[in-house]
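> compute the structure for the input listed below.
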Amino acid sequence: MVPILYRKQRGKVQWVENKYKEWEFRVMDQTREWVTKTRQYFASFENLGRQYRNLQAQERQTLALLEAERLTFDAGESSVFLLNAREQKNVEVQVKTLKTLGDWLKAYYQLLWSDGQLHLPARF
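Okay, here's the model as predicted:
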């Protein structure tokens, strides 16, 4: 005997279709999240790269100023205070440059990881 109405079976089919759509939406959401993170890491990588290059130029400039101050100090036209101030500024710029380089490398490896190009070792 065949039932006239297949309500129970139609309900199961609709439930399966809804679960499939829910899974598709989760996959799309996860994909969108990864794409957004990768774009953020790339933007951070580019910005830190520009900052690093600017700091390198600033480091060269402060070193030139320091050398000029040493020359004027050797000629007796400058004071120890001015020489120390130039050295301190040079060291500050060097520290900032190294910190920015570290941040840039971190952003680079985050970008590789988010893009799926960086894998952890098996025994990590």
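> within the helices and strands, which one has Phe73?
According to DSSP states H and E, Phe73 maps onto helix 7-74.
> and the next helix or strand past that helix?
Next element after helix 7-74 (DSSP H and E): helix 80-114.
> what packs against that following helix?
If contacts are counted by 3 or more Cβ pairs under 8 Å, 6 or more residues apart in numbering; DSSP states H and E, helix 80-114 sits against helix 7-74. C-beta coordinates here come from the backbone N, C-alpha and C atoms, glycine included.
> distance from the chain centre to the helix it packs on, please.
The chain centroid and the centroid of helix 7-74 are separated by 5 Å, computed with Cα atoms, centre = their mean, to the nearest Å.
> so which elements touch that helix?
helix 80-114.
> using the three-state scheme, assign Leu118.
coil (DSSP: H, G, I helix; E, B strand; the rest coil).
> state the number of residues packed around the nearest residue in space to it that is not next to it in sequence.
Of all residues not flanking Leu118 in the chain, Leu112 sits nearest, at 3.9 Å (Cβ to Cβ, 6 or more residues apart in numbering). For Leu112, the neighbour count with other Cβ atoms under 10 Å is 14.
> start the count at 26 instead of 1 going forward.
Okay, using 26 as the starting number, the last item reads as Leu137.
> and Asn115, what does it touch?
Residues near Asn115 by Cβ atoms under 8 Å, 6 or more residues apart in numbering: Glu84, Thr87, Leu88, Leu90, Leu91.
> which among these end up buried?
Glu84, Thr87, Leu91 (16 or more other Cβ atoms under 10 Å).
> circling back: was I right to think the residue nearest to Leu143 contacts Lys131?
No - counting by Cβ atoms under 8 Å, Leu137 does not reach Lys131; the two are 11.0 Å apart.
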